[in-house]
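Peer 1: sequence first, predicted coordinates after that:
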Amino acid sequence: MQFRRFNNKYFVRIDKGEEIISTLKNFCTAEKITLAEVKALGAVDDFEVGLFDVAVKKFHGNHFQFPAEITSLWGTVTTKDGEIYLHIHMSAANSEGQVFGGHLNSATVSATCEMMVEDLSDRNSNGFIVERKFNDEVGLNLFEFMKNF
């Protein structure tokens, strides 16, 4: 992985063989990014995406192993219990143009992943931070808007 910062935006290149989620988490930890928007394009050949079934409060993952173009990768960086928390969704297309997507658990880059991370950590509105807190009713870690004293 390599990156360059331009004001509050980082252009990040994740290289062949690197796993996107772990690389992004390590990057955010090292750069002290606690609130950000993430966007990316690229190519993967091994990825797991899925959906959270609200009725049973369980995640259902789908694992794919084939060359695929990332048609969309978007998400947020926040924190939970002081640790980086990623919420990323990805769609990827196979050679026939079929698209598979959902919540991204893991993805291994096959060529490159060009990512833009917009760091909003220093721009918290009115002194608020965005933390994650588990919501029993939904069964997910939801945004919790907290005053930063």
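Peer 2: Sure, I can see it.
Peer 1: hey, let's count contacts and neighbours off CA atoms from now on
Peer 2: OK.
Peer 1: tell me where the chain has strands.
Peer 2: 2-6, 9-15, 36-53, 58-64, 68-80, 83-93, 99-119, 128-135, 140-147 (DSSP state E).
Peer 1: between those strands, which one is closest to Thr29.
Peer 2: Of all the strands of the chain, strand 83-93 sits nearest to Thr29, with 6.7 Å by Cα to Cα.
Peer 1: and the closest one with strand 58-64, angle?
Peer 2: In terms of direction (axes from the mean of the first three to the mean of the last three Cα atoms, to 10 degrees), strand 83-93 departs from strand 58-64 by 50 degrees.
Peer 1: and Trp74, how many neighbours?
Peer 2: 19 (other Cα atoms under 10 Å).
Peer 1: so how many other residues sit close to the residue nearest to it when sequence neighbours are not counted?
Peer 2: Once flanking residues are discounted, Trp74 sits nearest to Lys39: 4.6 Å by Cα to Cα, 6 or more residues apart in numbering. Number of residues near Lys39 (other Cα under 10 Å) recorded here: 18.
Peer 1: which strand residues bridge Lys39?
Peer 2: As for beta bridges, Lys39 partners with Trp74, Met116 under DSSP bridges.
Peer 1: what residues does it make contact with?
Peer 2: 72-75, 115-117 (Cα atoms under 8 Å, 6 or more residues apart in numbering).
Peer 1: just to revisit the earlier point, who wins for proximity to Ile21 among the strands of the chain?
Peer 2: Ile21 sits nearest to strand 99-119 of all the strands of the chain, at 5.8 Å, using Cα to Cα.
Peer 1: tell me the angle of that closest one relative to strand 2-6?
Peer 2: 50 degrees.
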